[in-house]
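Asks: Turn this into a model:
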Amino acid sequence: MVPAPPDEDPKRIMIVTDAWEPQVNGVVRTLSRVTAELRAMGCEVEIVSPSDGYKTVPLITYSEIKLALWARDSVEERFKSFAPDAVHIATEGPLGWFARNVCLEHKFPFTTSYHTQFPEYVHARFWWIPLMAGYRYMRAFHDKSGRVMVATPTMMTMLQRRGFKNITAWSRGVDTEMFHPDKRGIDGGVYPDLPRPVFVYVGRVAVEKNIEEFLALDLPGTKVVVGDGPQREDLMAKYPEAVFPGAKFGDELARYFADADVFVFPSRTDTFGLVILEAMATGTPVAGLVAPGPQDIIPGSGAGAVNDDLAIACREALTMDRVATRAYAEKFSWRACAEEFRRNLQPLPKPEKKRFWRRLKLRGLRRKRKAPIPSL
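Replies: Modelled structure (predicted):
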């Protein structure tokens, strides 16, 4: 089994991920949309995920994520059966480690992606675990990766400073049909009785998302938190003036974006923030902190504002033109995202590629020389 030849886009792609449907988060949405685009481009894609019938256990404090702890042999069997041209390992969970070990054992090059600031997430939930420990874990996982795909220039710089190697840019896309300005104001909108302006957050309601900084702001109008998670009940009790409609999906979610006046993204730990583009696609401008994601997407776009003071960013975003905001979001497409992903699947720099294939050919020649001469 060998990878795709140098300088040739792979056609048989295995993606291994610990995060997959029915989970709802940015990682899952990105991988599922990229997979659909790859298949539309004529690629065969094999997804290895916890949803494939493995025995799983829930991740502590994040029960939606199921961990497949006893799947190593199955991952290897599927690797051999599918015979991929390229392997991409999307997450640093058990399936990711199993796939990493299988690839190393078979000397098969692979790529990875850095979707989540895992050390910061862990530290936010368990303050006694130092960031250094989390980054040691993450470097160990990615250190043999031919390319580590990262969503923004800020994250690339941060990881380089942390000692990561082979970092490559991989941006994101947005569904501009589902998330559309036409969803605004249907049947009076989803916020008909709320004082304006409406500032909305959409996403998981958990401590690492920094939602409380948003809810504590002195802003006019109404604050809305769309989503569910372990911090929801506490925040509802602490901020009774805010509105918590729960998790929304599909067209209904698009309406919650479109009917808002500003989308607020308070996270300091996300690597991109796909919801930023989804809000912009509906015409709703975005306010964020100077942090990975907002500071890479928003400045100079005319589609929002970033500031170390989130309240200032919110007020500035209120002045943004919704038509210009939508126009900016239209620059991002899932097809471009998938094409960039596919190009990045070639993991070795060109000089190393040549040496790899030279060694492969030499091994083939040696095997031919050692082969017994058939008797007549």
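
Asks: could you list every residue that touches residue 101?
Replies: Shown in contact with residue 101 (C-beta atoms under 8 Å, 6 or more residues apart in numbering): residue 72. (Each C-beta comes from the backbone N, C-alpha and C, glycine too.)

Asks: Actually, residue 68.
Replies: 18, 50, 54, 55, 56, 94, 95.

Asks: Specify the local secondary structure of residue 141.
Replies: helix (DSSP: H, G, I helix; E, B strand; the rest coil).

Asks: What's the separation between it and residue 114?
Replies: 10 Å (C-beta to C-beta, to the nearest Å).

Asks: Now intersect the contacts of residue 68 with the helices, please.
Replies: Using DSSP state H, 94, 95 are the members of the contacts of residue 68 that sit in helices.

Asks: Closest to residue 288 out of the contacts of residue 68?
Replies: Lowest distance from residue 288 to these (C-beta to C-beta) belongs to residue 18, with 27.3 Å.

Asks: Now do the same contact list for the closest residue to residue 206 other than its chain neighbours.
Replies: Spatial nearest neighbour of residue 206, excluding adjacent residues (C-beta to C-beta, 6 or more residues apart in numbering): residue 229 at 4.4 Å. When contacts are counted by C-beta under 8 Å, 6+ apart, residue 229 is found next to 204, 205, 206, 209.

Asks: Residue 39 against residue 46, yeah?
Replies: No: using C-beta atoms under 8 Å, residue 39 makes no contact with residue 46, being 11.0 Å away.

Asks: Same drill for the two, tell me which one is more crowded.
Replies: residue 46 (17 against 13; other C-beta atoms under 10 Å).

Asks: quick one: residue 329 and residue 304 touch, right?
Replies: No: between residue 329 and residue 304 there is no contact under C-beta under 8 Å: 10.6 Å.

Asks: picking that back up, for residue 274, see how far away the residue nearest to residue 206 is.
Replies: Distance from residue 229 to residue 274, by C-beta to C-beta: 17 Å.

Asks: Check residue 19 too.
Replies: 13 Å.

Asks: the more surrounded of the two?
Replies: residue 19 (24 against 21).

Asks: for the more buried one, what are its contacts?
Replies: For residue 19, counting by C-beta under 8 Å, 6+ apart, the contacting residues are 25, 27, 28, 31, 49, 65, 90, 91, 93, 115.

Asks: Scan those and report the most crowded one.
Replies: That'd be residue 90 among the contacts of residue 19, by other C-beta under 10 Å, with 28 neighbours.

Asks: before we move on, which element is residue 34 in?
Replies: helix 26-40 (DSSP states H and E).

Asks: actually residue 205, not the one I typed
Replies: Applying DSSP H and E, one finds residue 205 in no helix or strand.

Asks: For stretch 60-76, give the mean pLDDT please.
Replies: For stretch 60-76, the mean pLDDT works out to 87.
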